[in-house]
Each structure stands twice: as C-alpha cells, then as structure tokens.
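Trainee: Here is my input, please return the structure:
(one chain, ligands or ions: 2)
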Amino acid sequence: MKPQSMKPGAAPLCVLKFGSSVLGSETDYDAAAQEVFRHVRRGEKVIAVVSALAGETDALLAQGEQVGGRGSTPHAAMMARLARVGELRSAALMGLALGRIGVRTGVLDPHEIGLEADGDPMDANLCALDRHAVSDVLHSNEALVVPGFTAVHARFGAVTLGRGGTDLTAVFFAAQCGAARVRLIKDVDGVYAQDPVENPDAERYAELDYDAAARVSTGLIQPKAIAAAKAANVVMEVAAMGSGDATRICRAPARKAPARPVRRLRVALLGCGAVGAGVLAHLCSRPDLFDINPVLVRNTLSRPGGGAVRFTNDLHAALAGEPDLVVELMGGADLPADIMASALSHGRHVVTANKAAMARHYDRLHTAACDGGVRLSFSAAVGGGTPVLETLERLAASGGTVRIEGVMNGTANFLLDRLAAGDPFDAAVKEAQRLGFAEADPAADVDGHDAADKLSLLIRAAFGAAVDPAQIAKDSLADIDPAAVKSAHEEGLAFKQIGCCELAGDGRVQAEVRVRAVPAHHPLAGARNEENRFVLTGADGSEHALFGKGAGRWPTAAAVFADIMDIHRGLSEPDAVDFAASVPARAPALLRA
Ligand SMILES: NC(=O)c1ccc[n+]([C@@H]2O[C@H](COP(=O)([O-])OP(=O)(O)OC[C@H]3O[C@@H](n4cnc5c(N)ncnc54)[C@H](O)[C@@H]3O)[C@@H](O)[C@H]2O)c1
Ligand SMILES: N[C@@H](CCO)C(=O)O
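Mentor: Ligands and ions are numbered 1, 2, ... in the order given. Okay, the predicted model is just below:
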C-alpha cells in the first residue's frame, strides 16, 4: 500500500475501528456513535469501520456449514458472501445511531467506494480504494461508516479478509486516505504484555513497535493489519471506548505505561426531563466511571422505584456527598444559576445545557468557576448536538470569527416547516412539545428569546463581548401569517428564524433575531425540522458551515455527555497521550486562568 494524502476539506481525518468486542448488542451502537461524535466535535472527519455484532460471524459461518458442509474454493467464495453479512448490517445500524444524534453520516458498501481485494476469498488482501468516492462523502458529511472485513473481488465478487479483518480495513483506509490516526476501539485500554483477563497484573504498553506488537497482541489485533500498518508507516492506536489514552504502535521502542487506577466520579444530576433522561441513560451505561447521586425531579411518585437509580425532590439530597460534578438540566434561569454558582465556587465541576442561565449570569458563573478552580462546560446550550461553540474556539486560534448567522432554535424551525406544510400553529407547537424540542414555556422559542440567549453566548465565544440577550432585537413567529409561510414555500422560498451577529470594524457588535423568507440556495434554507445550521465567517473571509440537530433528547444528551466525558478524562487521565496536538482537546469551558 502506498500512503497518499486526501484532504476532505481542511479537517483532519480520523479512522475509528469498532470491533465485535465493543459491539456486544444493539444498545452498544449508542456508545460507538458517542465515540464518533467526540472526534466530530473536535473538528475531525471520521471514517468509522465496523465489525459485526459479537457472535454474528460465527453464527453465519455455522449456518453456512450446516447448509453447505465444508468444501474448497467455490464453497469458500460462497461462505465469504455469507460471512460479510454481519458487517453490512452493522454499518447500517451504526449509521442509524449516528443519525439519531444528528451527525451527518454516509454509509457505503465496498462496491460503492471501489474497495477491492485479491487472493483467497476467505482471507483476501485489500488492494484498491476509490479515494474520490470517500472524499465526496466526507465533503458533505461529518462521518462515513463502512463495513470492515469485506471487499469486492474481480473473480469472486465479494470476499472477506480473514478473522479480525476489520483491523485491516481500518489500516487500509488510514493509509489510502492519509488519516492523521487509526484508532482501534477494543474492550481493553491498550496492548498488555499478557492478556489482562489471564493476568490482571500484566503491564500495559504506552508504545511499542510493529514487530513487538505482532508478538504480544495475538488475538487482539489481526497480524495482517499490523504488517500493513508497518509497510505504510501508519501509527495505530489501541484504546478503550471513551478513553483518552491508548497504546501507540509505531516505529518506537517498547515503553510501558504507568499504572492508572480508574477514577470514578460522583455525579449530581439535577432535572430528568427530555434531556436529563437521556443523560441519565448515558451515565448508567458507564457504571465503571460514575456513581450517581439521587436524581433531582419535581415529582418522585412518577419515577419507578427499585432500580439502581434513586430519585429525590430535595435539592440537598441531590447534591449530598460532595459530588465531583453537577449536571444541571432543570431549565429556568435564576435558580439554576444560583445552584451552579454555589457548586462551582465549592469546587464542583458543572455541565449544563441551560442557555438562559448561562446568557443571563455568564460573568457570575465564570467568576465562580475561576474561584472554585473547576470547569464549567455548556456545549449543548447552543446548537444542541451541533458543535458550534467548539468550532468557534478552534477558529479563535486561527484569526477568529467576525460574523455568525444561523438557524439556532430547533422548535422555531420545526414550527415554520409545519406551517409551510399547512399545519395549524397550535397543533405544531404541541407536537414540538411532545417531541421534547420546545422550552418549558414555548414562548421562548416562538418569540426569539431562546435564539437571543444563544446569540449572546456565541458573541461571548466569538468576540469576547458581553451582550444582554434582552437588548437583542427579535421577531416573533406569532406575528407571521401562517398563510404567507405556506405560499412562500409553494414559491420555492423558506421562512427561517435566523440569528445573526457581526463584529463591526469599530469593535461594536450587532445582533438580531429575524424571521424572514430566504431563497432555496441560501445556506440556511435547507434546515429541516429541529435541525440547526450555522455559517461562521472567519476574519480572513473564510466560511465554515455547520449542521446538526439543535433540539431533542438524544442530540442534546450526546453533547452534555461529551462534556461529562471530557471532564472525566481530564481528571482521570491528565497526562494521556490524546489526539493530534492541532485539534483543541476541550469543549467550550471556563477554566481557571
Ligand atoms: N430539550 C432540548 O432539546 C434542549 C436542547 C438544548 C438545551 N436544552 C436545555 O436543557 C435544559 C433542560 O431541558 P429539557 O428539555 O430537558 O426540559 P424538561 O422540562 O423536559 O426537563 C426539566 C426537568 O427538570 C425538572 N425540574 C425543573 N425545575 C425543578 C426543580 N426546581 N426541582 C426539581 N425538578 C425540577 C422538571 O420537572 C423537568 O422534569 C433546559 O435548560 C433547556 O433549555 C434543552
Ligand atoms: N427549545 C430549544 C432547545 C434547544 O436549545 C430549541 O428548540 O432550539
């Protein structure tokens, strides 16, 4: 394989491989999607290469032998067709999981990207890839999902790459597409001198060279994949899901990693509604990392008892036991701000999705975070699952941003879409509430207050300026004639609630939230339902478009949980060798100077 460079836009490319050891059942695609999202919000494009669900390939092979017995080449070619089915299915499931959290994703089978192999149909070797097809998909998506282990073959049609062949697929894509990294996500946090299941005291490697890796990683990494990585000089990382650390396999002498006890964080979760329930599900999926305090709800009677999670309507009980981290998802402005300020000043890290509290109490919360020496993260407060604050932070390191325009309220966009389809306004509002998009008082969405809060936070992030959201001019959807929205749609126009802010030459900031009709070719016109879109203009005139789901349980919970995991990694793996240095490693956060 000859390494070649392919740049899908300016974004660094990362190849992640999800093996059967981390895809035990359908529920594991959530965590895998979360792992992809973690890289996407760092501004990376991701190629996710997936194995079949655990046990599926064995079941398929057993099924094949039951029907066809054992045989030689024609039989092997038929068995290869059967064996790859698990990976094809897995790729589609991964695409669905990413779609649920709003990561724009293409899923392609080998014949759609010219992924070719030669040799034995059950143990073939990869030889070609249509890099332009890959590049096209990554141009209009954040992620591409491909099935590992299988490829097309000039003679046999479809073949497989031998056991563990998904590792080979991942290395091949990294080599062919010039990826910055290929990360094999396993059920262990790296390569150990011995299988840690057999020897719990075995030492983990921080780095080791390809030949040593081939010797010690039998059963963990496909030997053909290590050989291919060595030939193409691709650095492989072997890591656990959610971990920052990894064993790096490269041209370096073997080096052992220091022992790292797993750090468990005590989490206080305040609010368990549309977003909180999603975050709680994520927290419960990692009992190895989190202890959860009784969760604050208004009404404990409506909560099921007897499970591992306890609920309380007493704030003191929810905050008891000196939690490391407070996750505020109650909504409102002043009360949550008071709670967060107190938690921060007492040294508790805080994660919130609350733009109303953040926009109105930004300086107080910032000061409290500095006083407490802790982190305040609020990625989900703007854009839901769209990593717009992270992108602004990255752009700040390369000249900054001078203008932001966006559809930044999912409910308003959903309502305008429904009006365009001829639905009555009140019914559309009820539907947005049912879907978990709307604020507790949907007037915040309808009248532009929520978008103004978000603009205020964007202005802080982009221009470092304080603008009171109350001072931002806003149009209300309630003043728009529904018939005008429908007839505009019939004429090819789209009504949008658009938030815009701009840094003028004299340093003044202009900001407004307007509802207006835009032509179909306008970059924001295509936002559908609860989608958010942003166009960021850099100081050098460059434009950066961002897309994502701006509201709803799973996209928002993904952003909140990503902030939580960043804090966990920061505390438990402060010295981890994590990611390319060029990619900022933290979510928008206020840190002690
Ligand atoms: N829903 C979304 O799509 C979305 C997206 C981004 C950000 N947000 C923000 O996330 C936060 C939560 O939103 P949500 O949609 O989950 O709201 P929600 O109304 O569905 O959930 C809030 C929960 O907190 C509880 N709660 C509120 N005050 C409480 C109190 N004093 N004591 C006990 N429980 C209390 C409520 O009963 C409710 O169950 C809000 O700040 C919202 O603006 C929501
Ligand atoms: N109500 C908000 C939630 C996401 O911030 C919206 O619809 O955009």
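Trainee: wait, is residue 48 part of a strand?
Mentor: Yes. Assessed by DSSP: H, G, I helix; E, B strand; the rest coil, residue 48 belongs to a strand.
Trainee: partners of it in the sheet?
Mentor: With DSSP bridges applied, residue 48 shows beta-bridge pairing to residue 16, residue 145.
Trainee: what's the neighbour count on the residue in the stretch 101-250 of the chain that ligand 2 sits nearest to?
Mentor: Residue nearest to ligand 2 within the stretch 101-250 of the chain (Cβ to the nearest ligand atom): residue 102, separated by 11.7 Å. C-betas here are computed from N, CA, C, even on glycine. Look at residue 102: counted by other Cβ atoms under 10 Å, it has 29 neighbours.
Trainee: Could you double-check that it lies in contact with residue 555?
Mentor: Yes. Between residue 102 and residue 555 there is a contact at 4.1 Å, judged by Cβ atoms under 8 Å.
Trainee: joint contacts of those two?
Mentor: 384, 385, 386, 548, 549 (Cβ atoms under 8 Å, 6 or more residues apart in numbering).
Trainee: ok, which residues in the protein are in contact with ligand 1?
Mentor: Residues of the chain found near ligand 1 (Cβ under 6 Å from any ligand atom) are 271-276, 296-298, 313, 329-331, 353-355, 380, 384, 436-437, 439-440, 551-552, 556.
Trainee: which of the shared contacts of residue 102 and residue 555 tops the neighbour count?
Mentor: Of all the shared contacts of residue 102 and residue 555, residue 384 has the most neighbours under the rule other Cβ under 10 Å, reaching 33 neighbours.
Trainee: How many neighbouring residues does the residue lying closest to that one once chain neighbours are set aside have?
Mentor: If the residues on either side of it in the chain are set aside, residue 384 comes closest to residue 550, at 4.2 Å by Cβ to Cβ, 6 or more residues apart in numbering. When neighbours are counted by other Cβ under 10 Å, residue 550 registers 33.
Trainee: which stretches of the stretch 351-500 of the chain have low pLDDT?
Mentor: Within the stretch 351-500 of the chain, not a single segment meets pLDDT under 70.
Trainee: which residue ranges form the strands in it?
Mentor: Secondary structure of the stretch 351-500 of the chain (DSSP state E, counting those that start in this stretch): strands located at 376-377, 401-407, 473-474, 493-503.
Trainee: Please identify the pairing partners of the third one and their relative orientation?
Mentor: Put plainly, it is strand 473-474. strand 509-519 (parallel).
Trainee: any idea which helix or strand comes after the partner strand?
Mentor: strand 531-538 (DSSP states H and E).
Trainee: buried stuff in that following strand?
Mentor: 531, 532, 533, 534, 535, 536, 537 (16 or more other Cβ atoms under 10 Å).
Trainee: Ok, stretch 495-513 next?
Mentor: Neighbour-count burial for stretch 495-513 flags 495-503, 509, 511-513 (criterion: 16+ other Cβ under 10 Å).
Trainee: which two in the residues you listed are spaced the farthest apart?
Mentor: Spatially, the most separated pair among the buried residues of stretch 495-513 is 495 and 503, at 27.1 Å (Cβ to Cβ).
Trainee: got a list of what residue 203 touches?
Mentor: Counting by Cβ under 8 Å, 6+ apart, residue 203 makes contact with 192, 193, 256, 257, 259.
Trainee: Pull the number of nearby residues for the closest residue to the first one other than its chain neighbours.
Mentor: Put plainly, it is residue 192. Leaving aside its chain neighbours, residue 192 sits nearest to residue 202 (4.2 Å; criterion: Cβ to Cβ, 6+ apart). Using other Cβ under 10 Å, the number of residues around residue 202 comes to 14.
Trainee: Could you do the one 10 residues further on as well?
Mentor: By other Cβ under 10 Å, the residues close to residue 212 number 18.
Trainee: so it, which of the three states?
Mentor: Once three-state DSSP is applied, residue 212 turns out helix.
Trainee: show me the contacts for it.
Mentor: Shown in contact with residue 212 (Cβ under 8 Å, 6+ apart): residue 254.
Trainee: Tell me the buried residues in the longest helix along the chain?
Mentor: When the chain is parsed with DSSP state H, its longest helix is helix 553-572. Neighbour-count burial for helix 553-572, counted by 16+ other Cβ under 10 Å, picks out 553-570, 572.
Trainee: I'd like the distance between the residue nearest to residue 263 when sequence neighbours are not counted and ligand 2.
Mentor: In this structure, residue 263 finds its nearest non-sequential neighbour in residue 572, 3.5 Å apart by Cβ to Cβ, 6+ apart. Distance of residue 572 to ligand 2, given as Cβ to the nearest ligand atom, to the nearest Å: 30 Å.
Trainee: Quick check: residue 572 touching residue 262?
Mentor: Yes. Between residue 572 and residue 262 there is a contact under Cβ under 8 Å: 6.9 Å.
Trainee: Tell me the secondary structure at the residue of the stretch 451-593 of the chain found nearest ligand 2.
Mentor: Ligand 2 sits closest to residue 551 of the stretch 451-593 of the chain, with a gap of 3.7 Å, by Cβ to the nearest ligand atom. Here residue 551 is coil, with the state taken from three-state DSSP.
Trainee: That one reaches residue 410, doesn't it?
Mentor: Yes. Because the distance of 3.1 Å satisfies Cβ under 8 Å, residue 551 is recorded as touching residue 410.
Trainee: any common contacting residues for those two?
Mentor: Any residue near both residue 551 and residue 410 by Cβ under 8 Å, 6+ apart counts here, and that gives 384, 437, 530, 532.
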